[in-house]
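Enquirer: Turn this into a model:
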Amino acid sequence: MPGGRLTQSERQQIALGLADSLPYAEIARRLDRPTSTITREVMRNGGPTAYRADLAHRATERRAHRRRKAVPRGQGAPAPSHGRDTEAVREYEESFTTLLMQQGMPKMTARVLTSLFIADAGSLTASELVQHLQVSPASISKAIAVLEEQGLIRRERDERRRERYFVDDNVWYQSTIESARRIAQVAETARQGVGILGRDSPAAARLENIARFSDFISESILRATEQVREVLDTKPEAN
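Expert: Numbers count the residues shown, from 1 in each chain. Below is the predicted model:
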């Protein structure tokens, strides 16, 4: 299986495959590349409907140029250390970011969250994020606002009065609880429509099914989340 960066010819083949509505796995098979490579390439260059081979190639060259000229990362930034492979860490960061984007998270929001995940301290300041991701402070601020709204991060002031952003060890617990709450809101809103549209109408029956389904999913998520948390919080007994 070939390694290294995608060539311009390969990017043209990707564009042709997308135009023919081929799945990523089929494009990858034709190029003898991992499916994750194709997925990451498309998602970070406009997505399947906006991907253009020439623009993607130039964007990759610009990113590589910026990395070569990048200034040293600030203290606390997720720079490789302890003998880590720099390229492997970078590829992992991009893969995790792509996964979050596939699940509906905006690109910059995904990049910021991944940066926090892979930082050993689990926290970074805005200036460290700007330096690491090579983007504007405004871009970081917008991403932080989205992540806070979703309950994925929290902010505190450090000893130098700088705002520092944290991902806690139980971040997925907090996020899952918030997700269950949003699903419960769907159930509540759907049931409001039942009374407004008339209980015997087809639309009301549809909304009642949505409400019942959403109630079941929300309650199941909450039960499973609490059970998992109890297991994870239980310390193994000493021998």
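Enquirer: which element follows the strand or helix carrying residue 108 toward the C-terminus?
Expert: Secondary structure from DSSP states H and E places residue 108 in helix 107-118. Next helix or strand after helix 107-118 toward the C-terminus (DSSP H and E): strand 123-125.
Enquirer: buried ones in that next one?
Expert: Neighbour-count burial for strand 123-125 flags 123-125 (criterion: 16 or more other C-beta atoms under 10 Å). In short, each C-beta sits where N, CA and C put it, glycine included.
Enquirer: Same check on stretch 124-136?
Expert: So, applying 16+ other C-beta under 10 Å, buried residues of stretch 124-136: 124-126, 128-133.
Enquirer: residue with max distance from the center of the chain?
Expert: residue 200 (42.2 Å; C-alpha atoms, centre = their mean).
Enquirer: show me the contacts for it.
Expert: Going by C-beta atoms under 8 Å, 6 or more residues apart in numbering, residue 200 touches no other residue.
Enquirer: Now the spatially most central residue of the chain: closest residue in space, sequence neighbours ignored.
Expert: When C-alpha atoms, centre = their mean is applied to the chain, the residue found nearest the centroid is residue 100 (2.4 Å). Spatial nearest neighbour of residue 100, chain neighbours left out: residue 110 (3.8 Å); criterion: C-beta to C-beta, 6 or more residues apart in numbering.
Enquirer: what's the distance between the one you found and residue 144?
Expert: Per C-beta to C-beta, to the nearest Å, residue 110 is found 13 Å from residue 144.
Enquirer: Looking only at neighbour counts, state which of those two leads.
Expert: residue 110 (24 against 21; other C-beta atoms under 10 Å).
Enquirer: does that one really touch residue 97, like I thought?
Expert: Yes: counting by C-beta atoms under 8 Å, residue 97 is a contact partner of residue 110 at 4.7 Å.
Enquirer: which secondary structure elements does the host helix or strand of residue 128 contact?
Expert: Assigned by DSSP H and E, residue 128 belongs to helix 126-133. For helix 126-133, the elements it packs on are helix 107-118, helix 137-149, strand 163-166, judged by 3 or more C-beta pairs under 8 Å, 6 or more residues apart in numbering; DSSP states H and E.
Enquirer: Next, format those as TSV and append mean pLDDT and distance to residue 179.
Expert: Putting the helices and strands packed on helix 126-133 into TSV (pLDDT from 0 to 100; distance: least, C-beta to C-beta, whole Å) gives the following:
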stretch	mean pLDDT	distance to residue 179
helix 107-118	92	15
helix 137-149	92	13
strand 163-166	90	20
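Enquirer: what's the most buried one of those?
Expert: helix 107-118 (a mean of 21; mean count of other C-beta atoms under 10 Å).
Enquirer: List the buried residues for the helix ranked longest in the chain?
Expert: Secondary structure of the chain read by DSSP state H shows that its longest helix is helix 202-233. Judged by neighbour count (16+ other C-beta under 10 Å), helix 202-233 contains these buried residues: 204, 207-208, 210-211, 214-215, 217-218, 221-222, 225.
Enquirer: ok, and the helix or strand in this structure with the lowest average confidence?
Expert: helix 53-69 (a mean of 73; mean pLDDT, DSSP states H and E).
Enquirer: in the very next helix or strand once past that helix, what's buried?
Expert: Note on helix 53-69: by DSSP H and E, the next helix or strand toward the C-terminus is helix 86-102. Across helix 86-102, burial judged by 16+ other C-beta under 10 Å covers 93-94, 96-101.
Enquirer: Identify the residues contacting helix 86-102?
Expert: 36, 39-40, 43-44, 67, 78, 80, 107, 109-111, 113-115, 117-118.
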